[in-house]
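> Let me see the structure of the following:
(chains A and B)
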Amino acid sequence: MNFASKIFLVSILALFLGACATDTRDEPAEPDTPRQPTVDPRPVDVDRVDPANFADSRNLDNPDSTLSQREIYFEFDSAVVRPEYLRIVGAHAAYLRANASARMLLEGHADERGSREYNLGLGERRGNSVLDLMLAEGANSGQIEVVSYGEERPVCRQSSDNCWERNRRVEIVYTAR
Amino acid sequence: MYSNVKSILNLFTTASLLALLLAGSARAQLQIEIVDGVEGALPIAVVPFDFGGAEMGPETPIHEVIAADLQRSGLFDPLSVADMIDRPSRPPEVSLGTWRLLKVDYVAMGRWIPGSDGLSGEIEYHLVAVHSGRTLFSRAIAAGPGAFRLRAHQIADAIYQELTGAPGAFASRIAYVKVSDVGTDAEQFELIVADSDGYGPQTIVRHSEPIMSPTWGPEGRRLAYVSFATGRSNVIIQDIFSGQRDIVADGRGINGAPAFSPDGELLAMSLSRSGNSEIWVRTLATGRMEQLTEHYAIDTEPAWSRDGRQIFFTSDRAGRPQIYSVRRNGTGIARVTFEGDYNSRVSVDPYTGMLAMVHGGQANFRIAVFDRESNRLRVLSPGRMDESPSFAPNGRMVLYAAREGEQGVLAAVSVDGRFRQRLVLSDGDVREPAWSPLIQ
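Residues are numbered from 1 along each chain as shown, chains lettered A, B, ... in the order given. Here you go, the predicted model:
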C-alpha cells in the first residue's frame, strides 16, 4: 500500500468515525437495549496520528486535526484575523517550521460588495494579514506566497449576509507538502 | 503620414466590421430594453433609404439602425415605417403637409449612389425640419460592403448632434466580460467587443481563469485588461484587430486596474510589487515605470483627468474607500469625495470632466456622478449592487453593471438620471462594461 492510499484510508476512517460520533450524540438514549461497544471490523493497519502533531503531513487530511482547517473568515472591509482563527494560523505556521520544503499559497478573497479592483486589494490585504501572523510564528517567507482573487472566485453566489460571510476568506492552499 | 495611418485604420475597421457581420449572427447578443423613458422625446421619421431597387442593400436596413439608435438615446420618438405615407429620399420630395399631419417634427432620409465598381459608393443623407421646411443638412459619406452599419451609426450621430447640440455616441463599441457556466468546472470568462447597440459580439479572449477591468485606448483599437491566465493577475494590452497581446505588468502581487492616458502613451495601474497596492504609471514606448503613491492603504482604480495632468484613484487611507487625486508627477495628493461611506472606481466624463463612481454603504451600491465645481453628488442608479461605471464618449450616458438575482446585467443611465435602459444577455453573466471612444 502506497503512502497516498494510506492517507486516503486514514481520512475515510476519520470521516467515518467523525460521522458516527456526531450521529450518536444527537440521538436520545435508549435504555431498553444495552449499547454494544462498536468495533470497526476493518484492520487498523495505519498508525494512529496524534492530531495535535502539527509537524505530521498526515494531519493535513485528518479532520480531527486543526491542520485540516484551511479557511479563515473576515468582517466586511476588514483584514483583521479574528482570535478564533489564530489557532488555525498557528498550526499551519508550525507545519511550515517543521517542513522546510513545504510551500503554501494564501488565496485572499472578498465578497461582491463594492468595486472589483478595490476588492482585489482587500483580498491581498487579508492574505498579507495571515502571512504576517505566519511569519511571526516562525514560518519562512520563502515558503508562502499571497495571491488575491478579489471577488472573482466566490464560493457562494447569493446577495445575502450569509453568503458574503463565506466569501470573505483566505484559503490556505499547499503547493508542496 | 497621419492620413495614411488613418486610412489603414479605416481599412481595418471595415474588415473587422465585415468579420463582425459574418460572425455576429450565430452569437448571443445583448438585447437592449428601455426601462425609464423620457417625456417629450422629439418625434422624427427616418424614411427607408432608397437603394434604387438594388438587392445589395445591407443586411439590416440603414434606417432601422438609425431609428433604433435615436430611440435608445431616450431623446427621440421615431415614427414606425408602417405609418409613413410617402418615402422621400431627397428634400424636394418631402411633402411637408403630410408629415405635419403625422405630427412629425423632423424627417431624415437618404439614398445609395453606387460607384463604378457597383460595390462601394456613397450614402447621401438629409435632415429636414417639418415646421420651417428648412433642410438642416445634406451630406454624403463613402460606404461599401461591411461598412453600412457603421455608416448608419455615424448618420444617427449627425442627426443627434444637429438636433441636440451635443455629439452622438452611436458609432462606438462596448467591451464587457461575460461569464458562462458560472460556478461550475466549465466556467469560462470571455472578453467581448460589440457595437454600441450590442450588435456583432466578438470574443477577444477566453479563459477558465478570471478576466477583469477592460479599458479602451483613446484610439479605440487597444484594450487593456487583467488576466488570471497564469493563476496570478497580469495586465495585458491587446489590439482588437490584429490580436497582438503584450503583457505590461506581471510583477509580484497584484497587477491590476489599467487606465490609458488621454494621449494613449501611458498606462496607469495599481501594482503591489512594493508590498501593497500603489498607483504606478508605465510609459508604453519605453517600459519606464514610475510609482506615484506610497501609502500602506489600498491605492487602486486610477482614472486620468481629461488633460492627463491628474489621476483620480480609490484609496482607503482615511479608513474607508474614497476618491483622491494626485498630480501626474506624484505630488499634491488631495481627497475628492467626502459624502458617503464608500466611493470608488471613478470614470471621467470625456466631455465635461464630471466624475462617475460607485457610491454606497453596507449593502447598497449605486452609480453616482460628482461635479467637482459645484461639489454636488447625484445618485443615478437604483442599486443594490451597481458597479463599473463607464461614460459614453459624448458624456450623455453612463454604462454600468448591475445584478438581478444571481445574474449580472448591464445598464445605461442618462447623466440627468431621467432615462435608463437594460442590456441583457440571454445566457450568462455580463459585467465590467467599457464604452469605447468614437470610431472615426
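
> who are the neighbours in contact with the residue sitting nearest the centre point of chain A?
Nearest to the mean C-alpha position of chain A, by CA atoms, centre = their mean, lies A:Gln69 at 1.7 Å. Taking CB atoms under 8 Å, 6 or more residues apart in numbering or on different chains, we find A:Gln69 in contact with A:Ile88, A:Ala91. To be clear about C-beta, it is placed using only N, CA and C from the backbone, and glycine gets the same treatment.

> Kindly recompute the last result at 10 Å.
Shown in contact with A:Gln69 (CB atoms under 10 Å, 6 or more residues apart in numbering or on different chains): A:Pro63, A:Tyr85, A:Arg87, A:Ile88, A:Val89, A:Ala91, A:His92, A:Ile172.

> in which helix or strand would I find A:Gly127?
helix A:116-136 (DSSP states H and E).

> Just checking the next helix or strand after that helix against chain B, any contact.
The element immediately downstream of helix A:116-136 (helix or strand, assigned by DSSP H and E) is strand A:144-150. Yes - shown here: strand A:144-150 in contact with chain B (CB under 10 Å from any CB of the partner chain) through A:Glu145, A:Val146, A:Val147, A:Ser148, A:Tyr149, A:Gly150.

> Show me which pair in those is furthest apart.
A:Glu145 and A:Gly150 (16.4 Å; CB to CB).

> ok, the two, which is more surrounded?
Applying other CB atoms under 10 Å in any protein chain shown to A:Glu145 and A:Gly150 shows that A:Gly150 carries more neighbours, namely 29 against 18.

> which residues pair with that one across the strands?
A:His109 (DSSP bridges).

> which residues touch it?
So A:Gly150 contacts A:108-112, A:114-124, B:210, B:212, B:226, B:228, B:233, B:254, B:256 (CB under 10 Å, 6+ apart).

> cool, A:Asn59 as well?
By CB under 10 Å, 6+ apart, the residues touching A:Asn59 are A:Val10, A:Val49, A:Asp50, A:Pro51, A:Ala52, A:Asn53, A:Ser65, A:Thr66, A:Leu67, A:Ser68, A:Ala91, A:Tyr95.

> Excluding chain neighbours, what is closest to it?
Nearest non-adjacent residue to A:Asn59, counting by CB to CB, 6 or more residues apart in numbering or on different chains: A:Ser65, 3.7 Å away.

> What count of nearby residues applies to the one you found?
21.

> where does the chain dip in pLDDT?
Assuming you mean chain A. Counting by pLDDT under 70, chain A has low-confidence residues at A:1-47.

> To clarify, I was referring to chain B.
Ranges of chain B meeting pLDDT under 70: B:1-27, B:37-38, B:53-59, B:426.

> Okay, domains of chain A per the record?
Listed domain ranges for chain A are A:1-28+A:54-68, A:69-177 (source: automatic domain parsing).

> Looking at those, which one is packed in the most?
Of these, the one with the most neighbours on average (mean count of other CB atoms under 10 Å in any protein chain shown) is domain A:69-177, at a mean of 19.

> so how far is B:Ser270 from the closest residue to B:Gly353 other than its chain neighbours?
Distances taken as CB to CB, 6+ apart put B:Arg306 closest to B:Gly353, at 5.3 Å, once the chain neighbours are dropped. As for B:Arg306, its distance to B:Ser270 is 21 Å (criterion: CB to CB, to the nearest Å).

> Which one's more surrounded, those two?
B:Ser270 (33 against 13).

> check contacts around the more buried one.
The contact partners of B:Ser270, by CB under 10 Å, 6+ apart, come to A:117-118, A:120-121, B:213, B:226, B:233, B:235, B:249, B:253-259, B:276-280, B:293, B:298-302, B:313-314.

> Report the separation between the two terminal residues of stretch A:130-145.
Distance across stretch A:130-145, first residue to last, is 11 Å (CA to CA, to the nearest Å).

> Whichever helix or strand A:Ile172 is part of pairs with which strands, parallel or anti?
Using DSSP H and E, A:Ile172 maps to strand A:169-176. Here strand A:169-176 has these sheet partners by DSSP bridges: strand A:71-73 (antiparallel), strand A:103-109 (antiparallel).

> ok so, going back, now do the contacts for the residue nearest to B:Gly353.
Counted by CB under 10 Å, 6+ apart, B:Arg306 has contacts B:Pro262, B:Val348, B:Asp349, B:Pro350, B:Tyr351, B:Thr352, B:Gly353.

> distance of the fourth one from B:Pro218?
The gap separating B:Pro350 from B:Pro218 is 9 Å, by CB to CB.

> quick one on the thing from earlier: quick one, phi psi at the residue nearest to A:Asn59?
The phi/psi pair for A:Ser65 (degrees, to the nearest 10) reads phi -100, psi 140.

> quick one: it and A:Ala91 touch, right?
Yes - counting by CB atoms under 10 Å, A:Ala91 is a contact partner of A:Ser65 at 7.6 Å.

> Can you check which residues contact both of the two?
Taking CB under 10 Å, 6+ apart as the criterion, A:Ser65 and A:Ala91 both touch A:Pro51, A:Ala52, A:Phe54, A:Asn59.

> ok, now which ones touch the second one?
Applying CB under 10 Å, 6+ apart, we find A:Ala52 in contact with A:Asn59, A:Asp64, A:Ser65, A:Thr66, A:Leu67, A:Ala91, A:Ala94.

> Neighbours of whichever residue of the stretch 51-200 of chain B sits closest to chain A, how many?
Taking CB to the nearest CB, chain A has its nearest neighbour within the stretch 51-200 of chain B at B:Gly183, 6.0 Å off. By other CB under 10 Å, 14 other residues sit near B:Gly183.

> For it, which three-state class applies?
coil (DSSP: H, G, I helix; E, B strand; the rest coil).

> isn't it right up against A:Gln158?
No - in this structure, B:Gly183 is not within contact of A:Gln158 by CB under 10 Å, at 11.3 Å.

> Identify the contacts common to the two.
With CB under 10 Å, 6+ apart as the test, B:Gly183 and A:Gln158 both reach B:Glu406.

> tell me what the strand or helix carrying B:Ala68 is packed against?
Assessed by DSSP H and E, B:Ala68 sits inside helix B:62-72. Packing partners of helix B:62-72 (3 or more CB pairs under 10 Å, 6 or more residues apart in numbering or on different chains; DSSP states H and E): strand B:31-36, strand B:42-46, strand B:76-78, strand B:106-114, strand B:121-129, helix B:148-164, strand B:420-424.

> for the residue of the stretch 51-200 of chain B closest to chain A, phi and psi?
According to degrees, to the nearest 10, B:Gly183 has phi 80, psi 10.

> which residues touch it?
A:Arg153, A:Pro154, A:Val155, A:Cys156, A:Arg157, B:Glu406, B:Asp429.

> Any chance of the backbone angles for the first one?
Taking degrees, to the nearest 10, you get phi -130, psi 70 for the backbone angles of A:Arg153.

> what about B:Asp371, how many neighbours?
B:Asp371: 14 neighbours (other CB under 10 Å).

> partner residues bridging it?
Counting by DSSP bridges, B:Asp371 forms beta bridges with B:Arg376.

> hang on, isn't it packed against B:Thr337?
No - under the criterion of CB under 10 Å, B:Asp371 makes no contact with B:Thr337, lying 11.7 Å away.

> Lovely, talk soon.
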